[in-house]
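Novice: build me a model:
(2 chains)
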Amino acid sequence: MLNKTWDAHSCSPLHGFHENTASLDCYGRSLSAVLVASKSKNIGVEVVDSSVTSVTFKLVHGIYGIHNGLKFQVLTKSGKIIFESFLFSSEQSLSSDVIMASSKLTMLPLLVCRGDRSTTKVVFDWLKTEFDCSLRKITFNPLSLGWLVAMWGSVKGQGSTHITWEIPMVETGIDIIESEIDGESVALLWKHAHEDSTMEVTIDEVRGFVASIEEHLTQHTKILFNALTMQQIKTPVIQVRNDGKFKVTSGDHLFHVMADVATLALEHLDHYTPTM
Amino acid sequence: MDEDRTKVLKIQKIVKYLQGNECVLKSQRIRSDLSQFVKTLRSLACEVGLSQDDIFTVADLASSGKFGEVICNSLIRSLIPRESVPQDAVLLLVSRIGQNHVSIKLKQLILRWVVLVFDIIAQKNSIHAIYGIIFQYIDSEILCPIVCQLLSLLTRKYDVLHFRIRKLLSLQSKIGGQPYLCGLLSVYRMYQPSLISMAGRHNVFFKNYDKSWSLSISGVQQRYGLHMLNETMSYNASHLPQTNKHTPLITPPTPTMCHDDQPLTQVMSGKIPFYRIKSFAELLNNFNNLELTCQAHSLLSSTTLQHLLAITHDRTIPARLTFWLHHRLCEELVTVAGETARGLELIKCVVEFSGFIQECLPVCEAFIFRYLYTWDGQSYRPYILKLITRLRLLPTSVLKDFVFAPLRKLFNLSSDVFFKCSIISILQELLSNYLNLESDRYDVIMNMQDDNAAMDKLASYMFQPINVGKINPNATIFQLIKFVDFISLEGLIETKCNAMLMHSVLQFYVKTSRIYSDHERELFTLPPSPVVSLALFSLSPMFVSTMFGILLNHTQALNKLGKSNHREHYHYMLELNSYLTDVHDTFWRWNAFHPHCHEDSSIYKHIHVDNIGQVLTYPDVITARRMFTIERHPALTVHATKYLQLLNRDPEEMFENELVTEPPFIEYLETKGLTKLTTLIKFLRRGIPESKTP
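Specialist: Predicted structure coming up:
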């Protein structure tokens, strides 16, 4: 999974998903049949000449012990992988626990995938019809990116964090601004913004953290950074773009990082804005 | 009609001439005459169309090789049928295609004509019989597209034969995947899906060549024809869902693909998959054993399925539906500006469903809040307004921030009076909804929360969230009324008391005046004084009458309340008293704009009555004080004059006499529909003080 660029999607709960190996085999067979059928629907002149042989579904166990992830791949005859995808869960769950626990809904909020577009489309359609879920591409807002920087920017000894900002107007002649921050500075800033005692991170703390970075840069360069949108962050562990693509570069903290991204996916999925 | 007859006769004459032998003589004069005749024929055909016999004759002439290319072209183009096309004509033309004396362009034109009038051909049995012959024309390169189009219209199940499919496929491999070939293949595939396994990826298979020609044909048909033709002449195979944009939004119900390994387990569990149910009776019989579809949103597709959705015990279904709706609403409506067809379909479905279950889904609420921020007031207007009327009782802060603030913005910025009126009327509907349904529902839920054992009964309300905070329903309703007060004033000022807006506002106040009498909820609010004065001094008798009615309703409510409760609603009582005193003064006691107006007056507060009194006085005719009595009120002088004219009395009398003391005048007013006015007169004449119970 490392060092490849993935697309992140948020996935609503899957209905009727069974984890035993028999079901997984069944899913694999069904999906490969669907893919084969869709390939033969092309016009008479064949453009693509790879053919799908097998789809494998595998469970991936994470750190929490219970079902955490699912991996499936689409392979061709020659063994080349043309599509692969992972489904991750996060440690939090949705508000209505009663419904979740008592029924057949499985919560795997993050789906990451890579592969060619036609296969991706067929696989998504199959997932939607089979498990009644909705898949939406995640766009990471600057707060989420800031949170990820705060969490993972300060991993020791592994290099510095780069943040890229996008300039919204076209005429200025500059497209992006990149900045590099040392890992220790990030740790220091975050320590000031956030109280160590609690495990919870509030929005205000993240906002304060991001604001402090921006203010520092504004002071030095006289460019108003709080008017720019964050486009990409590159921490030593993970690189994330705001349109949903990300890449994990270090294998040490893989599961934790993916759990964090899964929490972001969960937020993206959650639909209640006003609370009663 | 006569000119039509002359035109028809003219056409017949021309046709006869063409049949004769003189027109083929080579002389110059005859040739120019001929072209003149043909032009006339064409223009007449565009106007009145040709009868069946004429069509046959002209078709025969055109394809017989008697005339030159241009003439034949015009003749074919003038084949516009009035009623229907005889199949013999088509048969004749198609058979002539196989002959040499008809040029290739003419052949193509003939086929185009057949395609255009295909639906108007009277009977098609012999044309079906020559399917094979038409199929042979596919070899010609020029004719191939139009032949494919004709064949796609003509094909029936037994025409789809192996050798034809092979021929088409070989043609496809020779010339590539052309849209018309794919179109024909897709029609074949519709009949015999097992024989063909591919589909073209084109949006439009057959091009529409002759738009103006088809327009003139449809024009004539509309005027004279049998109206068998539908306007757009759509072809059955032209739009197959290709890209994501065209896939249907709500798919029909399908079962899951992956069942348990052993088929026996499925049988043993006794669940019946959905596609086996064929009728409603079977549905009722097998209700407990139904295995529902794997996609919750497909249950929205028909009303029977919606019934199922409403009473199912499976708690995952609402959850799944919520997620799907949230996803789709975001995608189609929030992120896309303006209206789209898919968005329209989705929101129509949502509105219909929420009307069906008489509830507002929480996900719709969240969506409305989000959408109102960026709404332009135009897209999907009726549906969004309908959804707003279904909102549940919410805490006042939520209502204020998420609903009222954007609505107010739109109300003020929109110059469309109709939009303002519709906002006021939906808020009125929301009020009645709150009063009728939601408060009861809220009470039931609050009671249920205290009693844990009754939680299961919550299933009767499908979408209510489990944790509902404490709301004061009266406070919410009160805030709604205040909001409407506020925006109605702003609207009336901005539109300078537009009559339609005034009417909607007054209807709202009629509704609020009946809250206690209809719903027994002790919530009393009076309309603000500017609205009252606008209504009382307006120039329309209906508004005056309605305002009287509102004040009467309030009085009756207060009377019904009982004296013991008066203390709680003291300020309301005072306000009502001051309004009634003002009405009494103005309309009865000749005390309008009296310099010593009663201190508690609401209407005359802050008005310099002396100045106004002087301005309004016309010495020797009328004084300001008397000016607004019932018979002299500007709105009602019309009725007074008419009444006097009816009795042949002098209209000037209305300035002198007291018409209100005459019972016939009161009856006259009642016949004009101003019943509230007369009731108030009687009330005032009795002189009973307003706030005592009878």
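
Novice: can we go C-alpha only for contacts and neighbour counts from here?
Specialist: Noted.

Novice: check what pLDDT B:Met502 gets.
Specialist: Predicted confidence (pLDDT) at B:Met502: the value is 90.

Novice: tally of neighbours for it?
Specialist: 22 (other Cα atoms under 10 Å in any protein chain shown).

Novice: I'd guessed it sits against B:Leu492; true?
Specialist: Yes - between B:Met502 and B:Leu492 there is a contact at 7.0 Å, judged by Cα atoms under 8 Å.

Novice: count the neighbours of the closest residue to B:His327 other than its chain neighbours for me.
Specialist: Of all residues not flanking B:His327 in the chain, A:Ser134 sits nearest, at 6.5 Å (Cα to Cα, 6 or more residues apart in numbering or on different chains). When neighbours are counted by other Cα under 10 Å, A:Ser134 registers 24.

Novice: same check on A:Leu2?
Specialist: Neighbours of A:Leu2 using other Cα under 10 Å come to 12.

Novice: same check, this time on the one 10 residues further on
Specialist: Using other Cα under 10 Å, A:Ser12 has 31 neighbouring residues.

Novice: just the pLDDT for it.
Specialist: So A:Ser12 comes in at 75 (pLDDT).

Novice: list the contacts for it?
Specialist: By Cα atoms under 8 Å, 6 or more residues apart in numbering or on different chains, A:Ser12 lies in contact with A:Met107, A:Leu108, A:Pro109, A:Cys133, A:Ser134, A:Leu135, A:Leu269, B:Phe323.

Novice: taking the residues you listed one by one, which sit in helices?
Specialist: A:Leu269, B:Phe323 (DSSP state H).

Novice: give me the low-pLDDT residue ranges for the stretch 151-276 of chain A?
Specialist: Low-confidence segments of the stretch 151-276 of chain A (pLDDT under 70): A:154-158, A:169-173, A:195-200, A:270-276.

Novice: which stretches in it count as helices?
Specialist: Using DSSP state H, counting those that start in this stretch, the helices of the stretch 151-276 of chain A run over A:183-193, A:203-221, A:254-269.

Novice: and the contacts of the second one?
Specialist: Just to be clear, that refers to helix A:203-221. Against helix A:203-221 from outside (Cα under 8 Å, 6+ apart): A:Leu143, A:Gly146, A:Trp147, A:Ala150, A:Leu189, A:Trp190, A:Ala193, A:His194, A:Ile223, A:Leu224, A:Phe225, A:Asn226.

Novice: in the stretch 101-250 of chain A, what residue is nearest chain B?
Specialist: A:Asp132 (4.9 Å; Cα to the nearest Cα).

Novice: how far away is the residue lying closest to B:Leu435 once chain neighbours are set aside from A:Asn226?
Specialist: Excluding the flanking residues, the one nearest B:Leu435 by Cα to Cα, 6+ apart is B:His519, at 7.0 Å. B:His519 sits 54 Å away from A:Asn226, going by Cα to Cα, to the nearest Å.

Novice: again, but for B:Lys496
Specialist: B:Lys496 is 45 Å from A:Asn226, by Cα to Cα.

Novice: more crowded one of those two?
Specialist: A:Asn226 (15 against 11).

Novice: for the more buried one, what are its contacts?
Specialist: By Cα under 8 Å, 6+ apart, the residues touching A:Asn226 are A:Ala211, A:Glu214, A:Glu215.

Novice: neighbours of the last one, how many?
Specialist: It refers to A:Glu215. Residues near A:Glu215, counting by other Cα under 10 Å, number 17.

Novice: what does the first one give?
Specialist: Using other Cα under 10 Å as the criterion, A:Ala211 is surrounded by 15 other residues.

Novice: next, the buried residues of stretch B:48-61.
Specialist: By 16 or more other Cα atoms under 10 Å in any protein chain shown, the buried positions in stretch B:48-61 come out as B:Val48, B:Gly49, B:Leu50, B:Ser51, B:Gln52, B:Asp54, B:Ile55, B:Phe56, B:Val58, B:Ala59, B:Asp60, B:Leu61.

Novice: ok, now which ones touch the first one?
Specialist: Just to be clear, that refers to B:Val48. B:Asp4, B:Lys7, B:Val8, B:Arg82, B:Val220, B:Tyr224.

Novice: go on, B:Phe543?
Specialist: B:His503, B:Leu506, B:Ala535, B:Leu536.

Novice: out of those, which is nearest to chain A?
Specialist: Using Cα to the nearest Cα, the contacts of B:Phe543 come closest to chain A at B:Leu506, 33.0 Å.

Novice: what does whatever helix or strand that closest one lives in contact?
Specialist: For B:Leu506, the element it lies in under DSSP states H and E is helix B:499-513. Applying Cα under 8 Å, 6+ apart, the contact partners of helix B:499-513 are B:417-418, B:420-421, B:424-425, B:428, B:481, B:488, B:491-492, B:524-527, B:543, B:546-547, B:549-551, B:553-554, B:557.

Novice: need the CA coordinates for the first helix or strand past it going along the chain. PDB is fine.
Specialist: For helix B:499-513, the following helix or strand on the C-terminal side (DSSP H and E) is helix B:515-519. Provided in PDB are the C-alpha atoms of helix B:515-519 (Å, rounded to 0.1, in the frame of the first residue of the first chain):
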ATOM      1  CA  ILE B 515     -55.800  29.600  17.100                       C
ATOM      2  CA  TYR B 516     -57.700  29.400  20.300                       C
ATOM      3  CA  SER B 517     -61.100  28.700  18.900                       C
ATOM      4  CA  ASP B 518     -59.800  25.900  16.500                       C
ATOM      5  CA  HIS B 519     -57.000  24.300  18.400                       C
END
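
Novice: now the strands for chain A?
Specialist: Under the criterion DSSP state E, strands of chain A are mapped to A:5-11, A:14-15, A:52-61, A:67-76, A:81-88, A:105-106, A:110-115, A:135-137, A:161-166, A:176-181, A:229-234, A:238-241, A:245-248.

Novice: wait, which of those is closest to B:Asn474?
Specialist: Closest approach to B:Asn474 among those (Cα to Cα): strand A:105-106, 39.1 Å.

Novice: tell me the domain boundaries of the chain?
Specialist: Answering for chain A, as no chain was given. A:5-137, A:142-242 (automatic domain parsing).

Novice: nope, chain B please
Specialist: Split by automatic domain parsing, chain B gives B:2-215, B:272-363, B:391-525, B:526-694.
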